[in-house]
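Visitor: Task: produce atomic coordinates for the following.
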Amino acid sequence: MKAMILAAGLGTRLKPWTLHHPKALVPVGGIPMLERVIVNLKKQGFDYIVVNVHHFPDQIIDFLIQKEFGVRVVVSDERNRLLDTGGAILKASELLRLDEGPALIHNVDILSNADLVDLMRAHKDIGSDSTLLVSDRESSRKLIFDGKMRLTGWHNIHDDRYKPDGYVFQPGHIEYAFSGIHVVDEKVIDEMLRTECDSRFSIIDFLLSSLNNCKISGYLQKDLNLIDIGKPATLSQAQFLV
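Guide: Numbering: from 1, shown residues only. The predicted structure is shown next:
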């Protein structure tokens, strides 16, 4: 199975560490978060992993060269321009070889008990072009799904703002928190190439756009435990949990 780890972010919330190091190498319980994600992916059967880099890219590349994970790890280099989550996937599309089957996309700053094999299986069974792993947990931003778990919108709880513009919440729809983990198929790349005029764009904005013809679904893991270690407060908590 194939996966991509989104590891190129600037990590501005984790300063001063990220003034001199990439966010992906922030230690969690003494182990870089990137290593924790790779080891978990390997444990669940992923044997081909793409890692994108931008901020202090050479530090990540050197780290990957020095480590022996027992899986193939390749780099998608964004040092010339940070491409955001959607642009990163598009740039790495040839490395991901989506014509041979779907790939898992995993944020580098997410630690969880996600059953990734089950997610990949559900993606195939549902027949979606992209399947988003979600849970019923507290979050300041949530995705909105209809009764068939098809993505319909996005909600910022703090300012009660919705996407896409003009979205009106419908009876029977439900909000879930996104895990930062999802699956993409080849049609996602085809639609990105058809609809996106800039190489830098958000994957969530793309998935919410009425311009793309992708079938996008949510997959609810009821027992999902997740911690976002991309901010100081939760990173501190994670040090004691791992």
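Visitor: C-alpha only now, for contacts and for neighbours.
Guide: Will do.
Visitor: Please list all residues in contact with residue 93.
Guide: Applying C-alpha atoms under 8 Å, 6 or more residues apart in numbering, one finds that residue 93 lies in contact with residue 189.
Visitor: Can you pull the phi and psi angles for it?
Guide: phi -60, psi -40 (degrees, to the nearest 10).
Visitor: For residue 181, give me its contacts.
Guide: 104-107, 132-133.
Visitor: so how far is residue 145 from the residue lying farthest from the centre of the chain?
Guide: Within the chain, residue 171 marks the point farthest from the mean C-alpha position, 28.7 Å out by C-alpha atoms, centre = their mean. Look at residue 171 and residue 145: by C-alpha to C-alpha, to the nearest Å, they are 11 Å apart.
Visitor: One more: residue 48?
Guide: Residue 48 sits 31 Å away from residue 145, going by C-alpha to C-alpha.
Visitor: more crowded one of those two?
Guide: residue 145 (22 against 19; other C-alpha atoms under 10 Å).
Visitor: before we move on, back to that, three-state assignment of the residue farthest from the centre of the chain?
Guide: Secondary structure assignment for residue 171 (DSSP: H, G, I helix; E, B strand; the rest coil): coil.
Visitor: what separates it from residue 19, distance-wise?
Guide: Plainly put, residue 171 is 46 Å away from residue 19 if you go by C-alpha to C-alpha.
Visitor: so what strands line up beside the longest strand along the chain?
Guide: Determined from DSSP state E, the single longest strand within the chain is strand 174-184. The strands that strand 174-184 pairs with in its sheet are strand 103-107 (antiparallel), strand 130-135 (antiparallel), strand 141-145 (antiparallel) (by DSSP bridges).
Visitor: Can I get the first one in CSV, CA atoms only?
Guide: In CSV, the C-alpha atoms belonging to strand 103-107 read as follows (Å, rounded to 0.1, in the frame of the first residue of the first chain):
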residue,chain,number,x,y,z
ALA,A,103,-3.0,6.3,-1.8
LEU,A,104,-3.4,7.3,1.9
ILE,A,105,-2.6,11.0,2.7
HIS,A,106,-1.5,11.6,6.3
ASN,A,107,-0.6,14.9,8.0
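Visitor: neighbouring contacts of that strand?
Guide: By C-alpha under 8 Å, 6+ apart, the list of residues contacting strand 103-107 from outside reads 1-7, 96, 120, 180-185.
Visitor: Good, we can wrap up now.
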